[in-house]
Structures are given as C-alpha cells and as structure tokens.
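heads up, no residue letters with this:
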C-alpha cells in the first residue's frame, strides 16, 4: 500500500461532522430523558405545577427526542459512508514494493 497523506490521515471533514452529530444527538436525547424523569418525580411537582405548562413541556420533550434521533441517524450515516469511502479508496491503491 502506498503511504500517502490520504492513507495516514483518516480524519476527514465528513467523519468529524458525523462524530459531532452523534455527540450532540446523544446529549440532546439524554437531556430530554432527564427532563422527563425530573418532571415525574416530586421535584417536578413544584416546577411543572400548571397543567398548561405540562402540555408545552411534553411537546418540547417530543421535539427534542425527534431532533436527537435525526441527529443520531444522520451522524451514523455520515460516519458509515465516510468509512466505506475511505476503505474503498485504500483498497483501490496500487501497492509498491
């Protein structure tokens, strides 16, 4: 295999973007679950005492979970396609002995 900058450096922009999307999606999903658990405990009774706020809170948590799932899926797809592209380009290189 030829040792070029392409084969030695696997950190490309789509890979970094995919990893960042996975990280942000995970944090948003964890935050939405944490908020839901706090709302159902005794601590949440004081914070979410008004029924009108409860409806808005449930809607916000649904939107956050949906956004997190979209971020996680797009990050996974970006990382997978970049790994396949890098593997394909490394396989097609000519070896020099």
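Received, thanks. The model shown is predicted, which means the values in this text are computed figures rather than measured ones.

Tell me how many other residues crowd residue 20.
By the measure other CB atoms under 10 Å, the count of residues near residue 20 is 13. The C-beta positions use only the backbone N, C-alpha and C, and glycine is treated the same way.

can you check residue 24 too?
Around residue 24 there are 15 other residues, counting by other CB under 10 Å.

Have a look at the chain and report its longest helix.
Using DSSP state H, we find that the single longest helix of the chain is helix 51-92.

Report how many residues lie close to the nearest residue to residue 12 once chain neighbours are set aside.
Nearest residue to residue 12 in three dimensions, chain neighbours excluded: residue 82, at 6.1 Å (CB to CB, 6 or more residues apart in numbering). One way to gauge burial is a neighbour count; for residue 82, by other CB under 10 Å, it gives 20.

Ok, residue 63 next?
Using other CB under 10 Å, residue 63 is surrounded by 11 other residues.

ditto for the one 5 residues further on
By the measure other CB under 10 Å, the count of residues near residue 68 is 20.

again with residue 78
By the measure other CB under 10 Å, the count of residues near residue 78 is 20.

Am I right that it is in contact with residue 13?
No - in this structure, residue 78 sits apart from residue 13 without contact. The criterion is CB atoms under 8 Å, and the distance is 9.8 Å.

rewinding a little: doesn't residue 19 make contact with the residue nearest to residue 12?
No - between residue 82 and residue 19 there is no contact under CB under 8 Å: 9.9 Å.

distance of residue 79 from residue 36?
In this structure, residue 79 lies at 28 Å from residue 36, with CB to CB, to the nearest Å as the measure.

Please apply the same query to residue 16.
Computed as CB to CB, the residue 16 to residue 36 distance reads 31 Å.
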